[in-house]
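S.K.: Would you be able to build a 3D model of this:
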Amino acid sequence: MVPAGMRDPGATTTIGVGELISVALDGGARRIIIGCGDSGTCDGGAGALVALGARLLDAGGHEVDPIGSNLARVRRIETSGMDPRLRDVEVLVAGNMHNLLTGERGVARVFGPQKGASPEQVEALEAGLVHWAGLLAEAFPAQADHRDLLTGPGTGASGGLGAGLTAGLGARLCSRFDILMDADLCGVDLDAQIARADLVITAEGAVDFQTPRGKIPAEVGRRAKLAGKPVIALAGSIGRGSEAVHAAGIDAVMGIIPVPMDLPEAVSRADELVTDATERALRLILLGAAIAA
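M.R.: Model prediction:
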């Protein structure tokens, strides 16, 4: 949703997430679920921790703004001012467990360009996150393991927010599907709905090589195949490696954009385009049924 000319993952922050956690604490929450995905950030959760009372200090002891481009400047995380109520609350991070904090599959290299980072900035963000993981391990030794923070499943969720919350709050990293399908947490019984369906329709902004890597359509497809149900995915765009989704249980992919148009127009017409694509898909199914008959 950030205009292309304003995207800068080195300047964005997760402070708002920390503020929301604080509001939840004010309301007496005993369990907080953080949904991670589609962020424009790459600060390793630094902003969230600062909003909850942590301080980031440079070599001179001066405070540093909690943004991705500043992580390499931080020399110490001061934790004495963190909200004491955090000790009495359960925090669950629902994210994509395929997302790692660092490395070739790390958030800076995989998602940094999508968030507006140049190749040089991607490498700077990667180095900053490696450094940040070490700082987290030092500041929160009881809750953090440096190796796990660097490459542990889910640590890269939302630009590294997964790592920051795991280390700083003792949050538990969970597959988003495990959270959604837990009746005690969210009460969504997707498998029961699939069992009653003749056809399953799912959707994603872009269906490409990343879709099988923990994205929702692939999980929907997997569950539908276990129930023997056919699956169609509607896609805002169909990208490189989209054929991999067939092995993930998606039988067919229907692009929603019928004629060339720029992204702002496509976003503004999303309701219309999705409706039209759904009708086209179902008309093809009816045609196939007629031929079979």
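S.K.: Quick check: next helix or strand after the helix or strand harbouring Thr166?
M.R.: In this structure, Thr166 is located in helix 157-169 according to DSSP states H and E. As assigned by DSSP H and E, the chain's next helix or strand after helix 157-169 is strand 172-175.
S.K.: What strands line up against that next one, and which way round?
M.R.: Note on strand 172-175: by DSSP bridges, its sheet partners are strand 90-95 (parallel).
S.K.: Which strands or helices does the helix holding Thr166 pack on?
M.R.: Helices and strands touching helix 157-169, by 3 or more C-beta pairs under 8 Å, 6 or more residues apart in numbering; DSSP states H and E, are helix 46-51, strand 90-95, helix 107-111, helix 119-139, helix 146-151, strand 172-175. For every residue, glycine as well, the C-beta is placed using N, CA and C.
S.K.: rerun at 6 Å
M.R.: Packing partners of helix 157-169 (3 or more C-beta pairs under 6 Å, 6 or more residues apart in numbering; DSSP states H and E): helix 46-51, strand 90-95.
S.K.: What lies in contact with that helix?
M.R.: 14, 36, 39, 41-42, 44-45, 48-49, 86, 91, 93, 95, 99, 101, 107, 129, 136, 140, 143-144, 149, 154-155, 171, 173 (C-beta atoms under 6 Å, 6 or more residues apart in numbering).
S.K.: Could you break the chain into its assigned domains?
M.R.: As assigned by the TED database, the chain contains the domains 14-178, 189-292.
S.K.: Deepest-packed of those domains, please.
M.R.: For those, the largest average neighbour count (mean count of other C-beta atoms under 10 Å) is found in domain 14-178, namely a mean of 20.
S.K.: Report the distance from that one to the chain centre.
M.R.: Relative to its chain's centre, domain 14-178 lies at 13 Å (C-alpha atoms, centre = their mean, to the nearest Å).
S.K.: So which residues make contact with stretch 232-252?
M.R.: Here stretch 232-252 makes contact (C-beta under 6 Å, 6+ apart) with 201-209, 211-212, 217-218, 221-222, 224-225, 230-231, 253-256, 277, 281.
S.K.: Could you give the separation between the terminal residues of that stretch?
M.R.: 5 Å (C-alpha to C-alpha, to the nearest Å).
S.K.: Quick one: mean pLDDT over that stretch.
M.R.: Averaged across stretch 232-252, pLDDT comes to 93.
S.K.: Ok, stretch 139-152 next?
M.R.: Stretch 139-152 shows a mean pLDDT of 85.
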